[in-house]
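Chemist: Return a 3D structure for these sequence lines:
(2 chains)
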There are 2 protein chains.
Amino acid sequence: MSTSAHPDSNPQGNRLDPWFDAYAERAHNLRASEIRALFSVVSRPEVVSLAGGMPNLKDLPLDRLAESAKRLISTRGAQAMQYGSGQGWEVLRERITEVMSYEGIVGADPDDVVITTGSQQALDLMTELFIDPGDVILLEAPSYVGALGVFRARQADCVHVPMDDEGIIPEALEQVIRDVRASGRTIKMLYTIPNFHNPMGVTLSLERRPLIAEICMREHVLILEDNPYGLLGFHADPLPALKSFSPEGVVYLGSFSKMFAPGFRIGWAYAPHAIRDKLVLASESAILSPSMIGQMAIADYLSDYDWYSQVKAFRAMYAERCEAMLNALEEYMPNCSWTRPEGGFYTWVTLPEGLDAKSMLPRAVRARVAYVSGTAFYYDGQGADHMRLSFCYPTPEQIREGVRRLSTVVNAEKELVDMFGAGFHKHDIDEVGPGVAPAPNAL
Amino acid sequence: MSTSAHPDSNPQGNRLDPWFDAYAERAHNLRASEIRALFSVVSRPEVVSLAGGMPNLKDLPLDRLAESAKRLISTRGAQAMQYGSGQGWEVLRERITEVMSYEGIVGADPDDVVITTGSQQALDLMTELFIDPGDVILLEAPSYVGALGVFRARQADCVHVPMDDEGIIPEALEQVIRDVRASGRTIKMLYTIPNFHNPMGVTLSLERRPLIAEICMREHVLILEDNPYGLLGFHADPLPALKSFSPEGVVYLGSFSKMFAPGFRIGWAYAPHAIRDKLVLASESAILSPSMIGQMAIADYLSDYDWYSQVKAFRAMYAERCEAMLNALEEYMPNCSWTRPEGGFYTWVTLPEGLDAKSMLPRAVRARVAYVSGTAFYYDGQGADHMRLSFCYPTPEQIREGVRRLSTVVNAEKELVDMFGAGFHKHDIDEVGPGVAPAPNAL
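Modeler: Residues are numbered from 1 along each chain as shown, chains lettered A, B, ... in the order given. The predicted structure follows:
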């Protein structure tokens, strides 16, 4: 079902919308992510989804959390059910500095932490604060689809920086900065996911961290360090955050969604003081204050529960799922290559030459397996030769079966390409049909 | 302490901020509300605050809510602690259509409801979607300080429309529309709080509702109807919402913060379908999805509890407090005049001629009572002859004592004005000193 045949489903607005002429210019930059349209199909139980980024919560101590919520509301309800501070509750901000100490950020000042509705809101606020239309944001090639959406909505110009298995390539970063500036454009920030990158699964090496920090400091480019997966390394403690190398040059974004759970929608920014001031004002303008009960429940979890052991349990679970995926890839898809994540949720698969992940997706879904086409993770339409496969949510058995199904589609596609050459396919993603999708699938 | 003497406290940024040159133009429009600077002082227990807009939660069935939260997490934790849909949970959207039926909105489609992080986020998203810098938003004179903050941050040009004890004056609205258009500017929307207005306490009369809806329809001005207090009428059921007169011409904003509690930060927008589409995309970009546990807890409260009886109990409590305030005003401040609210949280006091509510505030706080100066509620610096007094949070006894204290300040001020004429005062609001304030006080 194409959007041109069904103008009602066109998020760009249309002449049936009496307010079509009233939208702000930026509203026309909003679009549903490539992933979204698929999800009414993908969420069917018979489909193995290697597409989503939802954490697996089955090991959470639910009874403990249930008791905590009950106690908070019955004994401290007047506070828990009320508005809170726009910056976030000081007790949770204190706890957050302890969480960040595991990432090499030592002695953080709770006064420079701002609590947000998930770290997505912090990302949105940072973009609001720094981006005038046309300003450039540098970001990894590829990068997080939800960040691309925010940057696009706020009319940023995104420029990708090449990366390899050790993350952003420092020389490439320097070159891109030179090129962008030579073109007369203004660079406002580097957005980066240094740990267990989404979608690539790779990690910025220890050697490169001070180099990236130093280049950005020298070139006066603010770093926006997005670190939702940092604690979820399979075998080793986290590498020190970029923030630890450049306290005044980095705004650090943290999230409880992956190391704990997304249900309370609580994340944070840890920012240089002057930026923190503006983040608080912008957040008050956007939401008044984050959820008090959510903040108190998480502070309680961090104070009274051995949360770091829980993180270790998550690590072991995700490590097992990752291994299941890598083994299945080796067994079933030897004609592809992929990254070998040391943590996080994703691996990045390179298809055999001539295959197109975006046009192949409907056939994969018909074969009851889903992934995200690499094109979702680029600003400029690149990425059709890649797929992001996530191993966070399905069981190891489901992962194995999903990869097996995927291999049948890839192999059939490969045969066609070998026979007829690339570009034989007429189908495109629209034939899967539209669907109202849960946002998390954009993760 | 003035901001010029202490540049660090200047939210506009300064040369000590290494990123001062990098902010977007709009970031310079962010500023702390007038109310905020006072709150470290006002929150001292010896001060009676007639300033804040926090609901009084003491009658909430906390044990019932605690049990509900416990049950939700222990039996449905995998859903409650997970991401949800960007538009909001369909079960709660269904419940919300029932809530809106009490406001005269019958047969609402849950598919056109978008759940947000408080209705403040819906306000922010609507502004994002419709306002290019310099576009005009019409709004009551005076209007909600938190809306003015959003509109300013998004570079809207705000134009006030005169109101009286029956709300917006239709002829005045028509005149303002003509004048603004004659000046070559583009009007994007009318922002209005028809019920128990913040800060004026008045309600748009039944007679005027179809007129306002009709004028805006005819003039193609979208109405943004903000209705947090609608169910809190003291003596009568709510008047029908503007949305009920103009389904395609109104985006309706609702909130659980006042009729229930703010702690979960859940509000909503009910919008024409095409606008709803864009609101969902914008909200996903901003926060991915609203809190699932918060949505489930509220849906549970609306389903299993006699929530409308609870609303009636709130009404009676606020009615008693309002009466305490009006009686105290009559007894202690006969030299002032004020509105007589039929619901909500606020009354709007007009000071004797020559008095300045903004410059008087530090003296009031020294006399251990706080209010909000009328200037906070205007885009253009008007309002110094008014104060907003809120009766929602303090007890009737505290209200009475607060008004008594306030009368001593007003009377002393009046004596000085009578003796020396207006403009004798040298103090200004800054002498109270800066403070990190809870955002709710901006309500």
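
Chemist: Quick one: low-confidence residue ranges for chain A.
Modeler: Residues of chain A that meet the criterion pLDDT under 70 lie in A:1-15, A:33-41, A:423-443.

Chemist: Let me see the ranges of the strands in it.
Modeler: A:48-49, A:113-117, A:136-141, A:157-164, A:167-168, A:187-192, A:222-226, A:250-255, A:266-270, A:337-338, A:346-350, A:369-370, A:372-373, A:386-390 (DSSP state E).

Chemist: Show residues contacting the first one.
Modeler: Read that as strand A:48-49. A:42-43, A:368-370, A:393-394, A:398-399, A:401-402, A:405 (Cβ atoms under 8 Å, 6 or more residues apart in numbering or on different chains). No exception for glycine: its C-beta is placed from N, CA and C like everyone else's.

Chemist: Burial check on A:L361, number of neighbours?
Modeler: 29 (other Cβ atoms under 10 Å in any protein chain shown).

Chemist: That one against A:S373, yeah?
Modeler: Yes - with contact defined as Cβ atoms under 8 Å, A:L361 reaches A:S373; the gap is 5.7 Å.

Chemist: picking that back up, return the member of the contacts of strand A:48-49 nearest to A:L72.
Modeler: A:Y393 (28.7 Å; Cβ to Cβ).

Chemist: Next, the residue lying closest to A:T203 once chain neighbours are set aside: phi, psi?
Modeler: Closest residue in space to A:T203, ignoring its immediate chain neighbours: A:N195 at 5.4 Å, by Cβ to Cβ, 6 or more residues apart in numbering or on different chains. Phi and psi for A:N195, reported as degrees, to the nearest 10, are phi -110, psi 120.

Chemist: if I look at A:A213, how far off is chain B?
Modeler: 14 Å (Cβ to the nearest Cβ, to the nearest Å).

Chemist: What's the separation between A:L389 and chain B?
Modeler: In terms of Cβ to the nearest Cβ, A:L389 sits 19 Å off from chain B.

Chemist: now that residue, nearest residue through space, not along the chain?
Modeler: That would be A:L50: by Cβ to Cβ, 6+ apart, it lies 4.4 Å from A:L389.

Chemist: OK, contacts around the one you found?
Modeler: A:325, A:369-371, A:389-391, A:394, A:399, A:402-403, A:406.

Chemist: again, only this time at 6 Å
Modeler: A:371, A:389-390, A:402 (Cβ atoms under 6 Å, 6 or more residues apart in numbering or on different chains).

Chemist: can you count the residues close to the nearest residue to A:P210 once chain neighbours are set aside?
Modeler: Setting aside the residues directly before and after it, A:P210 is nearest to A:F245 in space (Cβ to Cβ, 6+ apart), at 5.0 Å. Number of residues near A:F245 (other Cβ under 10 Å) recorded here: 19.

Chemist: Surely A:F245 is in contact with A:A213?
Modeler: Yes - between A:F245 and A:A213 there is a contact at 3.8 Å, judged by Cβ atoms under 6 Å.

Chemist: residues shared between the contacts of the two?
Modeler: With Cβ under 6 Å, 6+ apart, A:F245 and A:A213 have no common neighbours.

Chemist: I'd say A:I293 and B:P262 touch.
Modeler: No - judged on Cβ under 6 Å, A:I293 makes no contact with B:P262 at a distance of 9.8 Å.

Chemist: Including neighbour count and distance to B:L72, could the contacts of A:L50 go into CSV?
Modeler: Shown next, in CSV, are those (neighbours: other Cβ atoms under 10 Å in any protein chain shown; distance: Cβ to Cβ, whole Å):
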residue, neighbour count, distance to B:L72
A:Y371, 27, 32
A:L389, 26, 32
A:S390, 26, 27
A:G402, 28, 31
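
Chemist: from these, which is closest to B:Y305?
Modeler: After measuring these against B:Y305 - Cβ to Cβ - the closest member comes out as A:S390, at 39.0 Å.

Chemist: partner residues bridging the closest one?
Modeler: A:Y346 (DSSP bridges).

Chemist: So it sits against A:G344, correct?
Modeler: No - using Cβ under 6 Å, A:S390 is not in contact with A:G344; the gap is 9.3 Å.

Chemist: picking up where we left off before, in terms of distance to A:G88, which of the contacts of strand A:48-49 ranks first?
Modeler: The nearest one, if we look at the contacts of strand A:48-49 relative to A:G88 and count by Cβ to Cβ, is A:Y393, at 28.9 Å.

Chemist: quick one: that closest one from B:E90, how far?
Modeler: Counting by Cβ to Cβ, to the nearest Å, the gap from A:Y393 to B:E90 is 21 Å.

Chemist: Output stretch A:42-54 in PDB, but only the C-alpha positions, please.
Modeler: Taking C-alpha atoms only, stretch A:42-54 is exported to PDB below (Å, rounded to 0.1, in the frame of the first residue of the first chain):
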ATOM      1  CA  VAL A  42       6.400  -8.000  12.800                       C
ATOM      2  CA  SER A  43       4.500  -8.200  16.200                       C
ATOM      3  CA  ARG A  44       2.600 -11.300  15.000                       C
ATOM      4  CA  PRO A  45       3.700 -14.200  17.200                       C
ATOM      5  CA  GLU A  46       4.800 -16.400  14.300                       C
ATOM      6  CA  VAL A  47       7.400 -13.800  13.300                       C
ATOM      7  CA  VAL A  48      10.800 -14.000  14.900                       C
ATOM      8  CA  SER A  49      11.800 -10.300  15.300                       C
ATOM      9  CA  LEU A  50      15.500  -9.600  15.100                       C
ATOM     10  CA  ALA A  51      14.400  -6.000  14.500                       C
ATOM     11  CA  GLY A  52      13.400  -4.400  17.900                       C
ATOM     12  CA  GLY A  53      15.500  -2.900  20.600                       C
ATOM     13  CA  MET A  54      13.400  -3.900  23.600                       C
END
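
Chemist: Understood, closing this out.
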